[in-house]
Structure formats: C-alpha cells, structure tokens
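Participant: Just a sequence and a predicted model for now, questions to come.
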Amino acid sequence: MLSGNRILLGVTGGIAAYKSAYLLREFQKAGADVRVTMTPSATRFIGSETFSALSRHTVAVEVFTDNRQDESWTKHIHWAEWADLFVIAPCTANTLSKIVHGASDNMLTSTVLAARCPVLICPTMDGEMYESPGVTHNLEKAEKMGYHLLEPESGYLASGLEAVGRLPRLSSILKKSETIISESREKGPLSGKSVLVTAGPTREFIDPVRYISNPSSGKMGIAMAEAAARLGGNVTLLKGPGTEKETERMNTVPFISAYDLFEKVKRHQKADIVIMAAAVSDFAPSETFNSKVKKEDASGSIPLKQTPDILHWLGDHKTDHQVLIGFAMETENLEKNAKKKLAAKNLDWICANSLVAENSGFQNDENEILLIGSSETKTFVGQKKVISLQILREIFT
Ligand code: CTP
C-alpha cells in the first residue's frame, strides 16, 4: 500500500525516538521512500547519522546550517512539497504545542507549516503529561486544524509508571499511514480521472545499431505522471527508451519510435487528461535497414521523412471535457513560439521549457517552466518533482 509513496518522518525528543529507526525500516519495507527531520532535542536520544544511514538521505535538523553559503535553507519548503505524508512519531508535548500555535523554530516545525500533504501526529509522553489540560487542549486543537492523530497506547513508561503515553505499535502507525494516504488520494483533484502521460525520447532506427534521438531523460514527464497519481489520477505512462524508473503507482507502457508512440497514444486517446511531455523526434529515416549498413556501403547521407505530429492529432481529435497539455522546447522566443503551438495544436495548456535557461532542460533534475493557458501565464522554477505538482495544482484546483 505504501509502495512508491514518499514519507517524511519527524522525530522529536522523547525516549521513544529510538523506535523511529524501526518505524523508518517498516515504511521502507512497505515500499516507501523515507526522509527524516529531527528536532534538536531528538538528537540527544538518537544520532542523526542512524537516520541518514537508514534512509540514505541527509537528515534535516535546523533550517539554517553553520555554512552561511549553504543554499539549502529552503529545504523545509521542498521537503514539504516532496512528501505524500508527514508522520511525526514520537511527537512530544512541546512540539505538539508549537504545531498548534504555528511556531517555526526548527526544521521540523517549519516543515509542518509548509506541508500541503496530510500530517500524522503520534503524541508520545508520560501519562501525567498526556492527561494534562494543556496537552488535552492542544490535541483537540490539532484535530480541529485538520491534523491526523494516533492515540498513544497504554503500558509501562520510561518514568516507571504504567499509563497511556507509549508510542503506538509500529503496525498501527503503518496502518493509519496507509489509510490516510489512500483517503487523501480519493479526495485529490484528479480523483476518478484517467490521465495519459508520455515521457522520454523516441528512437528512430536507421539500422539495428544506429538511430536518431535526443538527450531527453524523461524526468519531467515521469515527474508529471507521479504528480498526477499523487493527486488521485488513474495514470497510464507511455515511457521512452533509457528513461528513469517511475513509481509503481501507475500503469507503464514502453515505446520506442514516434510511430510506436503514436499507435499507443491512439489506444488511450479518450483519457480525461493528456500530458504530452515526450520528446518526439520530428524526423525518421525514410528507409530502415534490417541488417547493419557497412561503412563502405553507406551513401553519406540519410534521407528523412517527417514523423506524425502526435499532439496535433490529439488536438484535432480532442474529446469533450478533455484537458490537453503539451510541452514546448525552445531555444529562442520562448513565449511567442509556445503560444503558437498552444493555438496550432488546440491545447488547453502548454509548458514551455527554455533550453538556454539556467538549471533547466534535458537531463536536469530542475527546470524552469512557463505555463501558458488561454488567459494565464505563470512561471515555475525548481525540482522537476516539485514543480510538476505545483503545475497540476495550478491547473486543476
Ligand atoms: N510533439 C508530438 N509529435 C511530434 C513532435 C512533437 O506530439 N512529432 C509534441 C511534443 O510532445 C510536445 C509538443 O508537440 O508536447 C511540442 O514539441 P516541440 O518539439 O517543442 O515542437 P514541435 O511541434 O516539434 O515544433 P518545432 O520542433 O518546430 O519547434
């Protein structure tokens, strides 16, 4: 159930902090990718190195680091966007109080404020503290604010008392996490919608060992597919050769050439939403040889023919209520050229990429996209995984 999901695990300074290492493992075993943010007090109970080694990600404790040149101080925003679910386990009375009062004095509390994903709080403390009027009031407030709560269990506590306050069993936290994620998907803006996404390059073979292609990694298209799945869409991803691994939350179909892609797109043409992010080669060799062309037999030039413009065809066959989103890859006159494609291909939206902008384009993990609709333009800059979600939220909410 958690397969392909991204869980941000918040660890605060209570004795149960050591159990969070096991919780992280359980999330991973269930297929989730986990990152950890700890409060400074939590590091007195368990080392951040334990979590970075287990999660294979850096662990974030403070918003600012000692290195003043460090540009990662916006991590709380990026991690909050990255996560499908933020689980704070254990959550001390102090962090609970900060959360309900909107404090942002460390990485964990700042990330709670920035989170758009559901947040699960597992309050864990001594029984007397748990039943105190202040904590009771804060728990009620947290629930009213829309945070998910998992009540602590009763049992032997570090103080020597037997009372309510223990971190719930890991299996209960896992079960609750799965329920929250599946419910949030059902409530997502793309819930019930079929979404077709194409990603990556095409290969137009000259002979069995040579082809015409482009440097597309498919990262942007796959990020769009993952974002659509996260917002509740029922996603089919058509994925070109050599592209990255996608999550398991979608139905993936590989393609090789523009003609192959065209046939596969036609099969899914009635999808409610089509996102055409593939870098389709505009040209293919006029003739394909079944066996390798020997050097001495080569003519010195390769006659080409144009491939079908798949997106143009989709625009011509657009069904009622269908939302058609294209991409434009430009080296100059970005907005003007993209607007031309928006109109010519009968699109609802176009995501314009400049190949010359810093930190954007092929292979990069980051991108700068100018989203153009019929009456709106907006720029998105950042990690492809993050801006994909922002773009789809902009369009569909
Ligand atoms: N596209 C397509 N079929 C093609 C070429 C492009 O479906 N044969 C789609 C791309 O997936 C993208 C959009 O059309 O969503 C724009 O692609 P782009 O390469 O930027 O522009 P082209 O339309 O090919 O025009 P040009 O190469 O002249 O800029």
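Facilitator: It's in.
Participant: Residue numbers of the protein in contact with the ligand?
Facilitator: Neighbours of the ligand within the chain, by Cβ under 6 Å from any ligand atom: 258, 276, 278, 280, 282, 307, 309-311, 326-329, 341. Just so you know, the C-beta spots here come from the backbone N, C-alpha and C atoms, and that holds for glycine as well.
Participant: which residues of the stretch 151-300 of the chain fall in helices?
Facilitator: Taking DSSP state H, counting those that start in this stretch, the helices of the stretch 151-300 of the chain run over residues 170-186, 219-230, 258-267.
Participant: what's the angle from the first one to helix 219-230?
Facilitator: Orientation of helix 170-186 against helix 219-230 (axes from the mean of the first three to the mean of the last three Cα atoms, to 10 degrees) gives an angle of 100 degrees.
Participant: what do you get for the shortest one?
Facilitator: An angle of 10 degrees separates the directions of helix 258-267 and helix 219-230 when computed by the same axes, to 10 degrees.
Participant: ok, and for helix 258-267, which residues are buried?
Facilitator: In terms of neighbour count (16 or more other Cβ atoms under 10 Å), helix 258-267 has its buried residues at 258, 261-262, 264-265.
Participant: go on, stretch 22-34?
Facilitator: Using 16+ other Cβ under 10 Å as the test for burial, stretch 22-34 gives 23-24, 26-28, 30, 32-34.
Participant: among those, which are in helices?
Facilitator: In this view, the buried residues of stretch 22-34 that belong to helices under DSSP state H are 23-24, 26-28.
Participant: Any idea which residue of the stretch 101-250 of the chain lies closest to the ligand?
Facilitator: The stretch 101-250 of the chain approaches the ligand most closely through Thr198 (6.5 Å), counting by Cβ to the nearest ligand atom.
Participant: Beta-bridge partners for that residue, please?
Facilitator: As for beta bridges, Thr198 partners with Leu238, Met276 under DSSP bridges.
Participant: Isn't it up against Ala258?
Facilitator: No - look at Thr198 against Ala258 with Cβ atoms under 8 Å: they stay out of range, at 10.7 Å.
Participant: For Asn234, which residues are in contact?
Facilitator: 192-195 (Cβ atoms under 8 Å, 6 or more residues apart in numbering).
Participant: Top of those by number of neighbours, please.
Facilitator: Val195 (27 neighbours; other Cβ atoms under 10 Å).
Participant: if I look at that residue, how far off is Lys270?
Facilitator: Computed as Cβ to Cβ, to the nearest Å, the Val195 to Lys270 distance reads 12 Å.
Participant: can you check Gln383 too?
Facilitator: Plainly put, Gln383 is 32 Å away from Lys270 if you go by Cβ to Cβ.
Participant: try Met38
Facilitator: As judged by Cβ to Cβ, Met38 and Lys270 stand 48 Å apart.
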